[in-house]
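> This is the structure alone, sequence omitted:
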């Protein structure tokens, strides 16, 4: 393989305008790059051109480091790719803050790296060691609407991570076509994406421990007549699965109306096999919900006494009898279980790595993923049986059930050791849950736009979620009500 001669560093671009790179490697921020909505920082581009709905607040941007740390923990590297020789020139498409680029520059000290993103949020190069900073370049533009500003065959590795929340399904073709153009013969592509999920606790866990007693469905009068009432089963079947069902509906609508697939792990393999000759797909890895604490026992209750009146035929007996409930009576038991007993509805972690161009072959990469969390199923036990929750085995991850054991064993062992994945601590699982939770909050303003549209045009869709005001609220009042829903989810 002949050494690749890199072109000279070019000026930085953002959108349709061009601004020259300053001496510190950081271009001046254009005011039109960003706008603030209720205090949250968002890009100022139209949703048709840039459908990415998350905010650019500091605490949101810091979350991308979690993905980098997971790969480094599993592989002791910034990449799932097994490079025979260190790459010469790398493109990080959708680089975000540029943390992956900086980590890659540390791992490959002779490599030149280009980070490409929509807006200027990258770490200033003046904050880096000068020897490292001269090998890094930040470029800006919209890869959904324009061609990549790079020459053909310019890069020998392309890294793509966590861009699926801003890519409509009909744009993946254009993206991979451009990636194929700028990739050198024999180069490799690594795609790391996670499915979009809404983490929440099930209603059975958040409801009060003592449910209100249901009213009897019939009444028997003294004359023996009986009057019945309709059963409540139909009404109870319409109860949302959890108390944040409206927010979940708004969250999913944000992506559906942007034509963003909620499960990129189900569609990316077909695109990758279309544009690249040699593709290796690993299993979709599901991270169940971290263990919930066991339900605390109820406080001691006062013993109730019941007075049994004497038989009126025995008038001489004026005594009364007191009957106390049995001290050994027990109530049905329902427990919250660790991850191995939870029901995972959506796959969470799907990381994909692809290698080679159609005209060449190169070593295989992998397909892997992020994290997904979903509601639990209730497991009810007979009152006479008990179960120690702490004795239950904890399953840290679940491989895609569509893969047979023989297929799993045939996966490249060099992808990452399964023992390393199984050794993830509960704290690590909780941090991935925190990441998914913060992704929902980062879409708050996009969810607000969806809610306003429903209030104006599709109000009936809000009725099943309890939005039942007699009169239409003013926008300010609706906003306050929406913020209360967000705050309840946050707490």
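Received it, and whenever you're ready, just let me know what you need. Since we're looking at a predicted model, the values are computed, not measured.
> Tell me where the model's unsure across the stretch 251-400 of the chain.
282, 289-296, 298, 301-400 (pLDDT under 70).
> what pairs with the longest strand that the chain contains, and is each one parallel or antiparallel?
Criterion DSSP state E: the longest strand present in the chain is strand 183-194. Strand pairing for strand 183-194, determined by DSSP bridges: strand 155-161 (parallel), strand 349-355 (antiparallel).
> which ones are touching the residue lying closest to residue 245 once chain neighbours are set aside?
Nearest residue to residue 245 in three dimensions, chain neighbours excluded: residue 465, at 5.8 Å (CB to CB, 6 or more residues apart in numbering). Where C-beta positions appear, they are placed from N, C-alpha and C, glycine not excepted. By CB atoms under 8 Å, 6 or more residues apart in numbering, the residues touching residue 465 are 240, 245-246, 249.
> ditto for residue 44
Going by CB under 8 Å, 6+ apart, residue 44 touches 32-35.
> Using PyMOL, make a named selection holding only the buried ones among these.
Only the buried entries of those go into this PyMOL selection, using 16 or more other CB atoms under 10 Å:
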select buried, resi 33+34
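> Which of the contacts of residue 44 fall in strands?
34-35.
> Tell me both backbone torsions, phi and psi, for the closest residue to residue 164 other than its chain neighbours.
Take residue 164 and drop its neighbours on the chain: the residue closest to it by CB to CB, 6+ apart is residue 264, 4.1 Å away. The phi and psi values for residue 264, taken as degrees, to the nearest 10, are phi -60, psi -20.
> ok, residue 264 to residue 456 distance?
With distances taken as CB to CB, to the nearest Å, residue 264 is found 31 Å from residue 456.
> With neighbour numbers in mind, choose between the two.
Comparing residue 264 with residue 456 by neighbour count (other CB atoms under 10 Å), the higher total belongs to residue 264, at 24 against 10.
> Now do the phi/psi pair for residue 286.
Torsion angles, degrees, to the nearest 10, at residue 286: phi -110, psi 130.
> Could you list everything it pairs with in the sheet?
With DSSP bridges as the rule, residue 286 is bridged to residue 398.
> Look at it and say how many residues are nearby.
If we define neighbours as other CB under 10 Å, then residue 286 has 26 of them.
> Distance of it relative to residue 432?
From residue 286 to residue 432 the distance is 11 Å (CB to CB).
> again with residue 460
37 Å.
> Which one of these two is surrounded by more residues?
residue 432 (24 against 7).
> hang on, isn't that one packed against residue 287?
Yes - counting by CB atoms under 8 Å, residue 432 touches residue 287, with 5.9 Å between them.
> Which stretches in the stretch 351-491 of the chain count as helices?
Secondary structure of the stretch 351-491 of the chain (DSSP state H, counting those that start in this stretch): helices at 405-409, 418-422, 426-442, 444-457, 475-490.
> Include mean pLDDT and distance to residue 42 when you put those into a markdown table, please.
Formatted as a markdown table, the helices of the stretch 351-491 of the chain follow (pLDDT from 0 to 100; distance: least, CB to CB, whole Å):
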| stretch | mean pLDDT | distance to residue 42 |
| --- | --- | --- |
| helix 405-409 | 43 | 42 |
| helix 418-422 | 82 | 35 |
| helix 426-442 | 91 | 10 |
| helix 444-457 | 93 | 6 |
| helix 475-490 | 91 | 16 |
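> would you list the ones you listed in JSON lines and tack on distance to residue 163?
As requested, those are exported to JSON lines (distance: least, CB to CB, whole Å):
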{"stretch": "helix 405-409", "distance to residue 163": "28"}
{"stretch": "helix 418-422", "distance to residue 163": "24"}
{"stretch": "helix 426-442", "distance to residue 163": "13"}
{"stretch": "helix 444-457", "distance to residue 163": "17"}
{"stretch": "helix 475-490", "distance to residue 163": "25"}
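> mind checking which of those helices is nearest residue 114?
helix 426-442 (26.1 Å; CB to CB).
> What residues of that closest one count as buried?
Buried residues in helix 426-442, counting neighbours by 16+ other CB under 10 Å, are found at 428-429, 431-433, 435-442.
> quick one, that helix and helix 475-490 angle?
For helix 426-442 against helix 475-490, the angle by axes from the mean of the first three to the mean of the last three CA atoms, to 10 degrees is 170 degrees.
> list the helices and strands helix 426-442 packs on?
helix 58-61, helix 64-75, helix 475-490 (3 or more CB pairs under 8 Å, 6 or more residues apart in numbering; DSSP states H and E).
> could you give the angle of that helix to helix 64-75?
150 degrees.
> What is the burial count for the nearest residue to residue 136 once chain neighbours are set aside?
Closest residue in space to residue 136, ignoring its immediate chain neighbours: residue 113 at 5.3 Å, by CB to CB, 6+ apart. Residue neighbour count, defined by other CB under 10 Å, stands at 25 for residue 113.
> so which strand or helix has residue 113?
strand 112-117 (DSSP states H and E).
> Between strand 155-161 and that strand, find me the angle.
Orientation of strand 112-117 against strand 155-161 (the same axes, to 10 degrees) gives an angle of 40 degrees.
> and the helix or strand that strand 112-117 is followed by, what's its mean pLDDT?
Per DSSP H and E, the first helix or strand lying C-terminal to strand 112-117 is helix 130-133. Averaging pLDDT along helix 130-133 gives 96.
> just checking, what packs against helix 130-133?
By 3+ CB pairs under 8 Å, 6+ apart, helix 130-133 packs against helix 99-107.
> redo that, cut-off 6 Å
Helices and strands touching helix 130-133, by 3 or more CB pairs under 6 Å, 6 or more residues apart in numbering; DSSP states H and E: there are none.
> buried stuff in that helix?
residue 133.
> Strands of the stretch 151-300 of the chain, start to end?
Secondary structure of the stretch 151-300 of the chain (DSSP state E, counting those that start in this stretch): strands at 155-161, 183-194, 218-220, 226-228, 278-280, 285-286.
> Can you lay out these as a markdown table showing distance to residue 176?
Output for those, formatted as a markdown table (distance: least, CB to CB, whole Å):
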| stretch | distance to residue 176 |
| --- | --- |
| strand 155-161 | 9 |
| strand 183-194 | 8 |
| strand 218-220 | 65 |
| strand 226-228 | 64 |
| strand 278-280 | 11 |
| strand 285-286 | 23 |
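> how about the ones you listed, which one is nearest residue 139?
Here strand 155-161 is closest among the strands of the stretch 151-300 of the chain (CB to CB), at 12.2 Å.
> Counting neighbours, what do you get for residue 417?
Neighbour number of residue 417 under other CB under 10 Å is 12.
> ok, so what distance separates it from residue 423?
Distance from residue 417 to residue 423, by CB to CB: 9 Å.
> swap in residue 189?
29 Å.
> Name the residue in the two with the higher neighbour count.
Per other CB under 10 Å, whichever of residue 189 and residue 423 has more neighbours is residue 189, with 28 against 12.
> thinking that one is in contact with residue 160, fair?
No - assessed by CB atoms under 6 Å, residue 189 is found out of contact with residue 160, at 7.0 Å.
> Leaving aside the residues adjacent along the chain, what's closest to residue 254?
Spatial nearest neighbour of residue 254, chain neighbours left out: residue 446 (4.5 Å); criterion: CB to CB, 6+ apart.
> I figured that neighbour was touching residue 52, is that so?
No - counting by CB under 6 Å, residue 446 stays clear of residue 52, with 9.5 Å between them.
> ok, back up a step: could you dump the helices and strands packed on helix 426-442 into TSV and include mean neighbour count and distance to residue 144?
Putting those into TSV (neighbours: other CB atoms under 10 Å; distance: least, CB to CB, whole Å) gives the following:
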stretch	mean neighbour count	distance to residue 144
helix 58-61	14	20
helix 64-75	17	19
helix 475-490	13	29
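> so can I have JSON lines of those helices showing distance to residue 141?
Output for those, formatted as JSON lines (distance: least, CB to CB, whole Å):
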{"stretch": "helix 58-61", "distance to residue 141": "19"}
{"stretch": "helix 64-75", "distance to residue 141": "19"}
{"stretch": "helix 475-490", "distance to residue 141": "33"}
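> All set now, cheers.
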